[in-house]
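[1] Only the shape, not the letters, is given here:
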């Protein structure tokens, strides 16, 4: 089994120059050709930014609606009561609740990928910071997950909204589609994501902001991308 896996990994790396900076279109084509897993691999982008997120004025955070979706079935939980709870259910939310949902999450039962809350629910949801925060699931008004318009937020989450936040090492990464998408759809999604990250450049960032970009698939090689080919035309 190990030998088979080693051979498969070696095959995906054939013809790849680890030192070359590929254009976005070249990289997408090469990765799609090498997506030979038995499942639909996720296309992932990682961007090294010239920021130090330990400083509040260098934090990079935001959300972007990918034009061609993510290809994932995103499970959405909504903290809401009354009419807002009904709106969330009608919009396709997978889990809707108030105190009952808080109790469920406190037990460690987190069966969702994205969390939305109405503003009036935040004093209650705030108790879950230690549980949801480390998982990147805490609702936040800056990325549209604390909002009275829960229906739109649910539809955006289901339709391809991707939240991003810079990590300690200054890296932002996200899944931006599936290997089964056509080349153009993947490239459009990556450019939309890169544009959102660039627009989110904080005031405290000095010098070269977009330092390195890499693209990969779940089981594929990592390819360096020429940042100049990411510009939205």
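    Sure thing, it's come through. Since the model is a prediction, treat every value here as computed from it, not as a measurement.
[2] Okay, strands next: where are they in this structure?
    21-22, 42-49, 61-65, 76-79, 95-97, 114-117, 161-165, 171-178, 210-217, 223-225 (DSSP state E).
[3] Same list (these) but as a markdown table, adding mean pLDDT and distance to residue 131.
    For glycine as for every other residue, the C-beta is placed from the backbone atoms N, C-alpha and C. Conversion of these to a markdown table gives the following (pLDDT from 0 to 100; distance: least, Cβ to Cβ, whole Å):
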| stretch | mean pLDDT | distance to residue 131 |
| --- | --- | --- |
| strand 21-22 | 95 | 40 |
| strand 42-49 | 96 | 25 |
| strand 61-65 | 91 | 20 |
| strand 76-79 | 97 | 12 |
| strand 95-97 | 97 | 15 |
| strand 114-117 | 96 | 10 |
| strand 161-165 | 90 | 17 |
| strand 171-178 | 94 | 22 |
| strand 210-217 | 95 | 30 |
| strand 223-225 | 95 | 36 |
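[4] in this protein, which segments are predicted with low confidence?
    Applying pLDDT under 70 to the chain picks out residues 1-12, 232-233.
[5] sorry, back to before: closest one to residue 103 among the strands of the chain?
    Residue 103 sits nearest to strand 95-97 of all those, at 8.8 Å, using Cβ to Cβ.
[6] Point to the residue nearest the middle of the protein.
    Taking Cα atoms, centre = their mean, the centroid of the chain lies closest to residue 174, which sits 3.7 Å from it.
[7] ok, residue 114 touching residue 155?
    No: contact between residue 114 and residue 155 fails when scored by Cβ atoms under 8 Å: they sit 11.8 Å apart.
[8] and the closest residue to residue 25 other than its chain neighbours, what does it touch?
    Leaving aside its chain neighbours, residue 25 sits nearest to residue 187 (6.1 Å; criterion: Cβ to Cβ, 6 or more residues apart in numbering). For residue 187, the contact set (Cβ atoms under 8 Å, 6 or more residues apart in numbering) comprises 24-25, 28.
[9] hey, which helix is longest across the protein?
    helix 183-199 (DSSP state H).
[10] Go through that one and flag the buried ones.
    For helix 183-199, the neighbour count (16 or more other Cβ atoms under 10 Å) marks 185-194, 196-198 as buried.
[11] And stretch 101-113, by the same measure?
    101-102, 105, 110, 112-113.
[12] quick one: terminal-to-terminal distance for it?
    Terminal residues of stretch 101-113 are spaced 15 Å apart (Cα to Cα, to the nearest Å).
[13] who's in contact with it?
    Here stretch 101-113 makes contact (Cβ under 8 Å, 6+ apart) with 72, 74-77, 79, 94-95, 97, 124-125, 127-128, 131-132, 135, 137.
[14] Buried only: go through these for me.
    Burial by neighbour count, 16+ other Cβ under 10 Å: within the contacts of stretch 101-113 this picks out 74, 76-77, 79, 94-95, 97, 125, 128, 131-132, 137.
[15] right, and residue 175 touches residue 70 too?
    Yes: contact criterion Cβ under 8 Å: residue 175 and residue 70 qualify, at 6.0 Å.
[16] So which of these two has more stuff around it?
    Under the criterion of other Cβ atoms under 10 Å, the comparison of residue 175 against residue 70 puts residue 70 first, with 22 against 19.
[17] Identify the residue nearest that one in space, chain neighbours excluded?
    In space, residue 70 comes closest to residue 160 once its chain neighbours are excluded; the distance is 5.3 Å by Cβ to Cβ, 6+ apart.
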